[in-house]
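S.K.: Make a model of this:
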Amino acid sequence: MYQPLILFIILVITIALFVWGYWRYDFVALFALVLSVLTGIVPAKQAFSGFSNPAVITVGCVMILTYAITQSGVLNVLLTKLEFLFKKPLLHISLFTTTIAIMSAFMNNVGALGLMMPIAIQSFIKQQTSPSIILMPIAFSSVLGGLMTLIGTPPNLLISSYREEIIGTPYTMFDFFPVGLAIAFFGILFISLIGWRLVPSRQKNNKTDDLFQMSDYMTEIKVLKNSPFCDKTIKEFLAGTQADFDLIAMSHRGKKKFSFSKKDIIRKNDILIIEASPDNLEKILESSQFILAGDKPFSSKKLSDSDIIIMEAVVPPGSNMVGRSAAMANLRYRHSINLLALSRKGISFRQKLNDIRFAAGDVILLQGNVETLRETIVDLGLLPLAERDVKIGLSQKNLLPLLFYVAAIILAALQVLPITISFLCAVLAVVIFKAMPLHNLYRSIDSSVLLLLAAIIPIGGAIETTGTADLISNAFIQIAGQHSPVVALIAVLIVTMTLSDFMNNAATAIVMAPIALNIARSAHVNIDTFLMAVAIGASCSFLTPIAHQNNTMVMGPGGYHFFDYARLGLILEIIIVVIGVPALLWIWPLH
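M.R.: A predicted model of the protein is given here:
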């Protein structure tokens, strides 16, 4: 009898840690797994059974194929053909929300958003419209699109795998389509017609200077002949001012220099671009006897030239840069990149940047070589917020990842091959035909997601084997199900959505699946109705920026605040319940 109580306590602790957000969700899942093993809830022999689960393998394959397709440039070319629709706001928004929903039905929705976000930002800037009004809508639409197929979102794959364990057969590729299509259609219709108007326009034009408040900290100073640091080295200047600042660039006789040695000499009339707070700037001017160069506000354009550019990037969830600082990653000396600014949840950080550890959703401003900066940003696991240059016209090799992916979907849909084998074959084909470099294969995998799934799956099994699911489902029935199974179904959907708003959606699906199964069996109704409700509820999390990776990714670029998500998300979740429950009862009747 003690096992259900211990597991319940572990679940409460796990949920609390997910909500707290101090530790990464994969570490939280591992922590919960270790606790479960040490307390005897999960047998030691089954501790790593999650790594062999087909859902984990399939999610990894989808990540690889999605990355290969996005890097091929095929989808970028297709979107450029539709630019003539951008002039009308309603069509503009509808095009992006519909397109990303369709993409997310068949590819990883985080990858779909990563592809669409830079294009959406630039297209709205060209129309002199705030990108803020489109970023949250496309993030939510990508989640809705994932409801339509088995591979659209990890909760669908996990619920399918759980069903196979229970009754011997998983869901097929398009079993999710009827209900998912109904929810996605009405959800996107609401977002495109009304919902986007509820999104705050916090970035008026999304200029770099506005987002990072460049003029507050970037300053140009001029070297005078009588300065004690004239004809001295940069090292002597940095040490002698006794101020906290960074030297970003220097201009000698009109020629800017962004990369320099501390042995370089500062000459008369040189212009130095420094990054300093007002207090430190005053110290610099007093000690160096330099003067301010002009009285115009500083512009980010002064930080670039024909060889050097600046570019904004987002730190996505699961990036290797999360938890690391610029100093730890050695950005300046190993990658020849300068970190100029960081914006987190609308707050601009400008001091001691190299020591600040990056967090998911941070928007950072980087400076580097015009030819390699974008590629380096991608190599670091960051998402550049600028459209990639795409040549019109694609080679046959560019089309291969998409063709292999479509073939895998068809083979899985026709049940010629199990879905895991089908997608694994597609991955091997992409590598064999050199449609993607082998080193990119490992880079494309978000190991934190796979680790989370593998760690939490054994705990999901323990919820059922220890009798914890029985206790929770009985309480559910006593509270909600005594009236009718429909009330219990609504309760399962709402509780699952609420949990998913504050913890990882895959973890929510694994925790709620055995509970929903027991409720259905106790009420003697169709288990598929309740399992589908869990799949929908786990994916549809719109109330908070931590509810879904895509919500986190758009927070910085959109300038959103924590409670901005509820303005659109609460109404959207109500629509999902209103549309989803009748659709479930129609497609998956209780009896």
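S.K.: Please make it C-alpha for all contacts and neighbour counts, starting now.
M.R.: Will do.
S.K.: so where's the stretch 51-200 of the chain shaky on pLDDT?
M.R.: For the stretch 51-200 of the chain, the stretches with pLDDT under 70 are 75-76, 78-87.
S.K.: The same query, at a cut-off of 80, please.
M.R.: Filtered on pLDDT under 80, the stretch 51-200 of the chain yields the residue ranges 70-89, 122, 125-128.
S.K.: All the helices of it, in order from the start?
M.R.: Per DSSP state H, counting those that start in this stretch, the stretch 51-200 of the chain carries helices over the ranges 54-72, 74-80, 89-106, 109-126, 132-145, 154-167, 177-193.
S.K.: what's the most buried one of those?
M.R.: Most buried of these, by mean neighbour count (mean count of other C-alpha atoms under 10 Å): helix 132-145, with a mean of 29.
S.K.: sorry, back to before: let me have the helices of the stretch 51-200 of the chain in JSON lines, extended by distance to residue 426.
M.R.: Formatted as JSON lines, the helices of the stretch 51-200 of the chain follow (distance: least, C-alpha to C-alpha, whole Å):
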{"stretch": "helix 54-72", "distance to residue 426": "8"}
{"stretch": "helix 74-80", "distance to residue 426": "17"}
{"stretch": "helix 89-106", "distance to residue 426": "14"}
{"stretch": "helix 109-126", "distance to residue 426": "17"}
{"stretch": "helix 132-145", "distance to residue 426": "22"}
{"stretch": "helix 154-167", "distance to residue 426": "18"}
{"stretch": "helix 177-193", "distance to residue 426": "23"}
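S.K.: Let me know which of these is the nearest to residue 370.
M.R.: In terms of C-alpha to C-alpha, the element of these nearest to residue 370 is helix 109-126, at 17.6 Å.
S.K.: now the angle between helix 54-72 and the closest one, please.
M.R.: With axes from the mean of the first three to the mean of the last three C-alpha atoms, to 10 degrees defining the directions, helix 109-126 sits at 30 degrees from helix 54-72.
S.K.: Give the other helices and strands that helix 109-126 contacts.
M.R.: The criterion is 3 or more C-alpha pairs under 8 Å, 6 or more residues apart in numbering; DSSP states H and E, and the helices and strands that helix 109-126 contacts are helix 54-72, helix 89-106, helix 132-145, helix 549-558.
S.K.: Reformat the ones you listed as CSV; add distance to residue 121.
M.R.: Formatted as CSV, those follow (distance: least, C-alpha to C-alpha, whole Å):
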stretch, distance to residue 121
helix 54-72, 17
helix 89-106, 11
helix 132-145, 8
helix 549-558, 9
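S.K.: closest one to residue 267 among those?
M.R.: Closest of these to residue 267 is helix 549-558, at 39.5 Å (criterion: C-alpha to C-alpha).
S.K.: mind saving the C-alpha coords of the longest helix along the chain as PDB?
M.R.: Secondary structure of the chain per DSSP state H: the longest helix is helix 564-587. What follows is helix 564-587, C-alpha atoms only, in PDB (Å, rounded to 0.1, in the frame of the first residue of the first chain):
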ATOM      1  CA  ASP A 564       0.500  37.900 -22.400                       C
ATOM      2  CA  TYR A 565       0.100  34.200 -23.400                       C
ATOM      3  CA  ALA A 566      -3.200  33.800 -21.400                       C
ATOM      4  CA  ARG A 567      -4.800  36.700 -23.400                       C
ATOM      5  CA  LEU A 568      -4.900  34.500 -26.500                       C
ATOM      6  CA  GLY A 569      -4.200  31.100 -24.900                       C
ATOM      7  CA  LEU A 570      -7.200  30.900 -22.400                       C
ATOM      8  CA  ILE A 571      -9.800  31.500 -25.200                       C
ATOM      9  CA  LEU A 572      -8.000  29.000 -27.400                       C
ATOM     10  CA  GLU A 573      -8.100  26.300 -24.700                       C
ATOM     11  CA  ILE A 574     -11.800  26.900 -24.200                       C
ATOM     12  CA  ILE A 575     -12.300  26.500 -27.900                       C
ATOM     13  CA  ILE A 576     -10.400  23.200 -27.800                       C
ATOM     14  CA  VAL A 577     -12.700  21.900 -25.100                       C
ATOM     15  CA  VAL A 578     -15.800  23.100 -26.900                       C
ATOM     16  CA  ILE A 579     -14.800  21.600 -30.200                       C
ATOM     17  CA  GLY A 580     -12.700  18.700 -29.000                       C
ATOM     18  CA  VAL A 581     -15.200  16.900 -26.700                       C
ATOM     19  CA  PRO A 582     -18.000  16.600 -29.300                       C
ATOM     20  CA  ALA A 583     -15.500  15.600 -32.000                       C
ATOM     21  CA  LEU A 584     -14.100  12.900 -29.700                       C
ATOM     22  CA  LEU A 585     -17.600  11.600 -28.900                       C
ATOM     23  CA  TRP A 586     -18.400  11.500 -32.600                       C
ATOM     24  CA  ILE A 587     -15.200   9.900 -33.900                       C
END
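S.K.: Show me which positions of it end up buried.
M.R.: 564-566, 568-569, 571-573, 576-577, 579-581, 583-585 (16 or more other C-alpha atoms under 10 Å).
S.K.: which residues of the stretch 201-350 of the chain fall in strands?
M.R.: 218-222, 246-252, 255-257, 271-275, 291-292, 308-314, 338-344, 347-349 (DSSP state E, counting those that start in this stretch).
S.K.: Of these, which is nearest residue 397?
M.R.: Using C-alpha to C-alpha, those put strand 308-314 closest to residue 397, at 27.9 Å.
S.K.: That closest one pairs with which strands, parallel or anti?
M.R.: strand 363-369 (antiparallel), strand 383-384 (antiparallel) (DSSP bridges).
S.K.: What average pLDDT does it get?
M.R.: Averaging pLDDT along strand 308-314 gives 81.
S.K.: Residue 311 is nearest to which of the helices and strands packed on helix 109-126?
M.R.: helix 549-558 (12.6 Å).
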